[in-house]
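Student: dropping a prediction and its sequence here:
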Amino acid sequence: MAGQTPAAHAAGVRDQQWYLDRMHVDKIWEKTTGEGIKIAVIDSGVNASTPSLKGQVLPGRDASIPEGGGPDISDRTGHGTTTAELIAGTGAGGGIQGLAPGAKIIPIKVPMLEFDELPSIYDHVDQAIRMALQRDADIITISVANKYVIGAGKTAQRYALQDALKKGVLVFAGSGDNAKKGNEPLAPARYHEVVSVAASDEDGRAAPFSQHGDKVNIAAPGVNYPRWCDGTFTRYCSGGQGTHAASALAAASAALIKSIHPDWTASQILRVMLDSAARGDNWEPGSVSNYLGYGIIRPGAHINRGLGNPGAPDPGEYPKFVRPVPPKPTPMVSSAPPTAAAADSAPNRAVLMSTGVAAALAVSVGTVWAIRRKRRHTR
């Protein structure tokens, strides 16, 4: 995060969260703020005393200590606190405004390894996931990404993720920030049990650093957001970037949807997210981008307009294999005079079509797509 500059003043922090206005959060919050949903943040810890997080943080655990962990959830870098505020911050005191301010945070602290740093033989991520499940997390977002999985992690991490699936818990993780440094698939985002989230920019493009490939499921804003400069928590810096932030916002989006559909399974929530994601005009139906997956999160599309088909419950379905429900074939147009029933339904079809065109125009105006989309293209 080198090169970031302090925010000019606290009042400008909300102004830097450009993605909130584009999501029309005020309309979303009229229906839900994510209340009742608990999101585990597996990161560097969380400072629960920042103005924006007061009353938002539940008891957590330090998973960096083997065999049971410890009670210390303090954040010495500001990284995990920023992640938590992006999800559930209230914005109080001029702080970061979370996308799901009604949700609560369960902080799980882990060592923040570099992507190419050899981890300990003890798998902290495995323990962190299990700690989140023990605390009844509804959703988990993981901010660590590493190309090595050694020791117990070769099996234990996958078993922990499969236990999350059995409990109906969606697990998100950033695809990684090293597209220009080899672009190797990183754990845990590369696993089938995890929703891999890429970072998008203000123009709807994949951020240059955001790792890509056939592991990417969806995308979310991950550039130019405010963040705590360091562990002193005295000021925010501008220009934050990272797929961990994109993962946090995807988790917050899932929380908003789950809060109004508490009986939906994880696969139904994810299917609606994929089905209602923002896509480019030239993006063929059913195709998937190696850079942005099924598109950029758009919670308001479902919450405010009802877009997205949840499909069958499919409990325990791996996120990797969740697909949007294919649209029903358009009936052939007949030259015969319409029946009364057909005539009654025609205006409804017209309204749906006009709504779809309007939505497509809105996306095309607000989002510039740099890469022509094809099914899992590699360009």
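Tutor: Noted; the coordinates are in hand. Residues are numbered from 1 along each chain as shown.
Student: so which helix or strand of this structure has the lowest pLDDT on average?
Tutor: The helix or strand with the lowest mean pLDDT-type score in the chain, counting by mean pLDDT, DSSP states H and E, is helix 340-366 (a mean of 35).
Student: so what's Asn309 up against?
Tutor: With contacts defined as C-beta atoms under 8 Å, 6 or more residues apart in numbering, the neighbours of Asn309 are Arg271, Val272, Asp275, Pro324, Val325. For the C-beta atoms, the positions are set from N, CA and C on the backbone; glycine is no exception.
Student: and the first one, helix, strand or coil?
Tutor: For Arg271, the reduced secondary structure class is helix; criterion used: DSSP: H, G, I helix; E, B strand; the rest coil.
Student: so it makes contact with Phe321?
Tutor: No: the pair Arg271 / Phe321 is not scored as a contact, 10.9 Å apart, by C-beta atoms under 8 Å.
Student: and Pro101, how close does it get to Ile28?
Tutor: Going from Pro101 to Ile28 by C-beta to C-beta, to the nearest Å gives 11 Å.
Student: Arg271 and Phe321: which is more packed in?
Tutor: Neighbours per residue (other C-beta atoms under 10 Å) separate Arg271 from Phe321, with Arg271 holding more: 25 against 9.
Student: identify the farthest-apart pair in the contacts of Asn309.
Tutor: Greatest spatial distance among the contacts of Asn309 (C-beta to C-beta): Val272 and Val325, at 9.5 Å.
Student: joint contacts of these two?
Tutor: Residues touching both Val272 and Val325 (C-beta under 8 Å, 6+ apart) are Asn309, Pro310.
Student: name the residue in the two with the higher neighbour count.
Tutor: More neighbours surround Val272 than the other of Val272 and Val325, with 27 against 14 (other C-beta under 10 Å).
Student: what's near enough to touch the more buried one?
Tutor: Ile257, His302, Gly308, Asn309, Pro310.
Student: next, Ala199: secondary structure please.
Tutor: strand.
Student: ok, the nearest residue to it once chain neighbours are set aside - how many residues close by?
Tutor: Excluding the flanking residues, the one nearest Ala199 by C-beta to C-beta, 6 or more residues apart in numbering is Gly222, at 2.6 Å. For Gly222, the neighbour count with other C-beta under 10 Å is 31.
Student: quick revisit: which member of the contacts of Asn309 is positioned nearest Pro285?
Tutor: Pro285 lies nearest to Pro324 out of the contacts of Asn309, by C-beta to C-beta, at 9.0 Å.
Student: good, wrapping up.
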